[in-house]
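S.K.: Using only what follows, build the 3D model:
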Amino acid sequence: MTTVVFLHGTGVREPGCSALAGRVAAGLTALRGGLRIVPYSWGDTHGATLAAGGGSLPPLAGTARGLAETPPAPETGDDTTSAWAALYADPYAELALAAAAGEPQGERPPGYAPPEQPLQARLAALAAEGDAPAADLGPGLARAATELAAHPLLAPAAQALDPAELAALAARSLAARVIAGALDADTPLAPVGDTRDAVVDRLAETLGAPPRGTERGMRSLLLRFAGSAASRAVVRRRRALTEAAHPAAGDILRYLTRGAALRDDLRALLAGLEPPVALIGHSLGGIIALDTLISAPLPQVRLLVTAGSQGPFLYESGSLPTLEHPAPLPPHVPDWLNLYDPRDLLGYVGAGLFPGRVTDVAVDSRQPFPAAHSAYWTNPAVYRHIVDRLP
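M.R.: Prediction:
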């Protein structure tokens, strides 16, 4: 009877491990009867934990471990960078925030002068100068100014802001549009922040803002929204985010630094099984399986199967604990079937690194990443490829 030992990937704990192993067992035995499936639940004994209950996390202001009198954090360089990143993704993001704060427009009386009109005139004059006023940022200023002057959100934003604020907002929008275009070019070249800010100041003055030099900076609606409220929300959620992410990330770090005990336990399990044995590992489980087979001969194991595994990448990058590039795969390592999904960014291939020793097989789950990394065990093609090679 062939025994199949299954190693789960990062972040899996009971009862999830048993449920996953049951799914794998069902997929394999549906195609071949008489298999013995042995799950190796390494996560509960060797996986990462926050041993001190999150003692490494910085305290929140006002908590028992924090300082109640801690004032709100000032706007920082990171906040400014985040705000500009949002503007590069959508140069009209701040305009939309301002427009949302404006009062609904009613019927305009005769002779009413729309508050956006002066800025529209200045934008038209700026467009007539071409791209020169923002040449340090890249081409495209004239087009950006023309489009902003006609933007439907400009009128409601002008209802919410005074002319100086609106001019500064418009300058940031123009700069973001020009820089975003430069980043999308075949040879992207972005200016440093000091250059960007100097151009923004010049544009703001041209559009009607009083000279305020660097003091104006990026103190925008977007910064006040994204740089304070959103940042504070992330800080408040940091414990939840850490606790949600730490099993997966922590498992990898723990294995790469203290994986010997895990390999010893797996080796003892495999040594006690009657041959033939197939060893199947998903993600980090595949790395553990490969490392264990490299470190010492285990003649019971006749087939190694890895799915969505980073073993080849770790080997090539000099990070695989038991084998350093360019050392060859030891002769005692059994046949190796390596399954990868081309859309799984955590799946790697090994045939080019170990010629004649690895069979790479692509399996398409038709899922984007990261779902593709978790879709191997619901893919019938995976089980067919494994069963075709089982001893």
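S.K.: Strands of the stretch 251-391 of the chain, residue ranges please.
M.R.: Along the stretch 251-391 of the chain, the stretches classed as strands by DSSP state E, counting those that start in this stretch are 277-282, 301-307, 335-340, 358-362.
S.K.: Could you point out which of the ones you listed sits nearest P115?
M.R.: Of all the strands of the stretch 251-391 of the chain, strand 335-340 sits nearest to P115, with 58.2 Å by Cβ to Cβ. From N, CA and C alone the C-beta is placed, and that goes for glycine too.
S.K.: Now do the buried residues in that closest one.
M.R.: Using 16 or more other Cβ atoms under 10 Å as the test for burial, strand 335-340 gives W336, L337, N338, L339, Y340.
S.K.: of these, closest to A182?
M.R.: Y340 (35.9 Å).
S.K.: okay, that closest one: pLDDT?
M.R.: At Y340, the predicted lDDT confidence score is 96.
S.K.: so what's it up against?
M.R.: A307, G308, S309, G347, Y348, V349, D360, V361, A362, V363 (Cβ atoms under 8 Å, 6 or more residues apart in numbering).
S.K.: need the contact list for A98.
M.R.: Counting by Cβ under 8 Å, 6+ apart, A98 touches L153, P156, A157, A160, L161, L166, L169, L221.
S.K.: same thing with I37?
M.R.: Contacts of I37 by Cβ under 8 Å, 6+ apart are T3, V4, F6, A21, V24, A25, L28, T29.
S.K.: Look up how far P391 lies from it.
M.R.: Separation of I37 from P391 (Cβ to Cβ, to the nearest Å): 15 Å.
S.K.: Kindly report the same for L262.
M.R.: 25 Å.
S.K.: Compare neighbour counts for those two and give me the winner.
M.R.: Neighbour comparison, L262 and P391: the larger count goes to L262, with 22 against 13 (by other Cβ atoms under 10 Å).
S.K.: contacting residues for that one?
M.R.: Taking Cβ under 8 Å, 6+ apart, we find L262 in contact with W42, H46, Y255, I288.
S.K.: hang on, S41 packs against S18?
M.R.: Yes - using Cβ atoms under 8 Å, S41 makes contact with S18 at a distance of 7.4 Å.
S.K.: Neighbour count: the two, which is higher?
M.R.: Applying other Cβ under 10 Å to S41 and S18 shows that S41 carries more neighbours, namely 20 against 13.
S.K.: Now name the helix or strand holding the residue nearest to that one when sequence neighbours are not counted.
M.R.: With Cβ to Cβ, 6 or more residues apart in numbering as the criterion, S41 has its nearest non-adjacent residue at 4.2 Å, and that residue is C17. Using DSSP states H and E, C17 sits within helix 16-29.
S.K.: Specify the next element, helix or strand, located C-terminal of that helix.
M.R.: Trace forward from helix 16-29 with DSSP H and E and the next one is strand 36-40.
S.K.: Tell me which residues of the helix or strand following that following strand come out buried.
M.R.: Moving toward the C-terminus from strand 36-40, the next helix or strand (DSSP H and E) is helix 43-46. Neighbour counts over helix 43-46 (16+ other Cβ under 10 Å) mark G43, H46 as buried.
S.K.: do stretch 310-330 as well
M.R.: Residues Q310, G311, P312, F313, L314, Y315, L320, P321, T322, L323, L329 are the ones in stretch 310-330 that count as buried (16+ other Cβ under 10 Å).
S.K.: Over to stretch 372-383?
M.R.: A372, H373, S374, A375, Y376, W377, N379, V382, Y383.
S.K.: got the CA coordinates for that stretch in CSV?
M.R.: Output of stretch 372-383 as CSV, limited to C-alpha atoms (Å, rounded to 0.1, in the frame of the first residue of the first chain):
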residue,chain,number,x,y,z
ALA,A,372,-4.3,30.9,-7.3
HIS,A,373,-1.9,30.0,-4.5
SER,A,374,-4.8,28.4,-2.5
ALA,A,375,-6.5,26.7,-5.5
TYR,A,376,-4.3,23.7,-6.0
TRP,A,377,-6.4,21.3,-3.9
THR,A,378,-9.6,22.1,-5.7
ASN,A,379,-8.1,21.6,-9.1
PRO,A,380,-8.8,18.1,-10.5
ALA,A,381,-5.7,18.4,-12.8
VAL,A,382,-3.5,18.5,-9.7
TYR,A,383,-4.8,15.1,-8.5
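S.K.: Now do that stretch: everything it contacts.
M.R.: Contacts with stretch 372-383, where a contact means Cβ under 8 Å, 6+ apart, come from 20, 23-24, 27-28, 30-31, 282-283, 307-308, 339, 341, 343-347, 363-365, 367.
S.K.: 6 Å instead?
M.R.: Contacting residues not belonging to stretch 372-383 are listed as 23-24, 27-28, 31, 307-308, 339, 341, 343-344, 346, 363, 365, 367 [Cβ atoms under 6 Å, 6 or more residues apart in numbering].
S.K.: Buried among those residues? Make that a ChimeraX selection.
M.R.: Selection of buried members from the contacts of stretch 372-383 for ChimeraX, criterion 16+ other Cβ under 10 Å:
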select :24,27,28,307,308,339,341,343,344,346,363,365,367
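S.K.: Pull the most distant pair out of the contacts of stretch 372-383.
M.R.: In these, two members sit farther apart than any others by Cβ to Cβ. They are L31 and L346, at 25.9 Å.
S.K.: starting at the chain centroid, how far to stretch 287-300?
M.R.: 32 Å (Cα atoms, centre = their mean, to the nearest Å).
S.K.: List the buried residues for it?
M.R.: Buried, per 16+ other Cβ under 10 Å, within stretch 287-300: I287, I288, A289, L290, D291, T292, L293, I294, S295, L298, Q300.
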